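# Quick one, fold the following:
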Amino acid sequence: MIRNTWLGILAGAALLGVSGTANAAFIVQSGNLGGGSVQNVISNACTGTVTGPASSVQGCLNSDNDTFVNFASSTDQLQITGGQATLSAVDDIINQLTISAYYNPTAEALTFGTLVLDIQWDITPGSPAGASASVTFTADPNSGAGPFVFSLGNGNNFFTISGEDFASVSFDVTGNGRVVGIELKQVRIGGVSEPGNGGGGFPVPEPATLGLLGAGLLGLGLARRRRRKA
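Modelled structure (predicted):
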């Protein structure tokens, strides 16, 4: 009887232990994969933002103009314009960019779970064959994953970054000298933490974690039932 009880407890503990090892991880994927979980970052309806030229400019969320999205560069003077925000550099090439979010009235840093962006690359018309550019993504935090490197094609290059409660996501662009334009369009962000919640958001258990928890509790229940019958 005692043996069966302990077997049930150990089974439940093991299952719960497995659920605790499933951690999020920083991932970058090609394409616009945000779906309905992300919101547009805009510029022209925001109040109190810096639009540039400056090393740091801001947009805001379409559905919440008090949630600011900050774009900072260590290499470029930036400017932001438009309804759905377009970010460009004074010299036409964004070489480095870090994206973060904060709550405007209090300047409280916020985290976000998903970022979608379109890095537009233009080459000089008539350039010799062989023009190339690539982008390298990093993030804070990143679970030890990355950096992720992708080649850029001429025109639109959509990427979706997810897997963490990000404090920031950064990218660096490199080219072979024939790149004449790198700008950022159609920025979307999702999973933004609520102000006053410590910038981390409330953790939501994944379905698999809930299933393992249920299985563990079931094992404990069966052990108790056998003890009563004995």
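# Look up phi and psi at the residue nearest to N95 when sequence neighbours are not counted.
Excluding its sequence neighbours, the residue lying closest to N95 (C-beta to C-beta, 6 or more residues apart in numbering) is T75, at 4.5 Å. Heads up, the C-betas are built off the backbone N, CA and C, glycines and all. T75 adopts backbone torsions of phi -130, psi -20, taken as degrees, to the nearest 10.
# Could you give the number of residues near G52?
If you count neighbours by other C-beta atoms under 10 Å, G52 ends up with 20.
# now it, nearest residue through space, not along the chain?
Per C-beta to C-beta, 6+ apart, closest to G52 is Q79, 3.5 Å.
# can you tell me how far the one you found sits from P141?
30 Å (C-beta to C-beta, to the nearest Å).
# again with L78
Distance, L78 to P141, using C-beta to C-beta: 25 Å.
# Tell me which of those two has more neighbours.
Applying other C-beta under 10 Å to L78 and P141 shows that L78 carries more neighbours, namely 23 against 16.
# Would you quantify the distance from the more buried one to V149?
Distance from L78 to V149, by C-beta to C-beta: 23 Å.
# mind listing the helices in the chain by residue range?
Along the chain, counting by DSSP state H, helices occupy 2-20, 207-229.
# quick one: pLDDT of G153?
Note on G153: pLDDT of 88.
# ah, wrong one, I meant P195
pLDDT recorded at P195 is 80.
# So what's the residue count around it?
For P195, the count of nearby residues is 17 (other C-beta under 10 Å).
# can you pull the contacts of it?
Going by C-beta atoms under 8 Å, 6 or more residues apart in numbering, P195 touches Y103, T106, E108, L110.
# Ok, I119 next?
Neighbouring residues of I119 by C-beta under 8 Å, 6+ apart: V135, L152, N157, F159, F171, V173, I182, E183, L184.
# For E108, give its distance to S100.
Noted for E108: a distance of 12 Å to S100, by C-beta to C-beta.
# V116 and L61, how far apart?
From V116 over to L61 the distance is 13 Å, taken as C-beta to C-beta.
# joint contacts of these two?
By C-beta under 8 Å, 6+ apart, V116 and L61 have these common neighbours: I189.
# Could you point out which residue ranges in the chain have low pLDDT?
1-24, 124-130, 177-180, 197-230 (pLDDT under 70).
# where exactly do the strands run in it?
Under the criterion DSSP state E, strands of the chain are mapped to 27-30, 38-42, 56-61, 67-72, 78-81, 86-89, 96-103, 108-110, 112-123, 133-140, 148-151, 158-166, 168-175, 179-190.
# Distance from the last one to the middle of the chain?
From the chain centre to the centre of strand 179-190 is a distance of 15 Å (C-alpha atoms, centre = their mean, to the nearest Å).
# The fifth one now?
In terms of C-alpha atoms, centre = their mean, the centre of strand 78-81 is set 21 Å apart from its chain centre.
# and what of the second one?
When distances are taken as C-alpha atoms, centre = their mean, strand 38-42 is centred 13 Å away from the chain's centroid.
# Tell me which residue is most central in this protein.
For the chain, the residue nearest the mean C-alpha position is T114 (3.5 Å; C-alpha atoms, centre = their mean).
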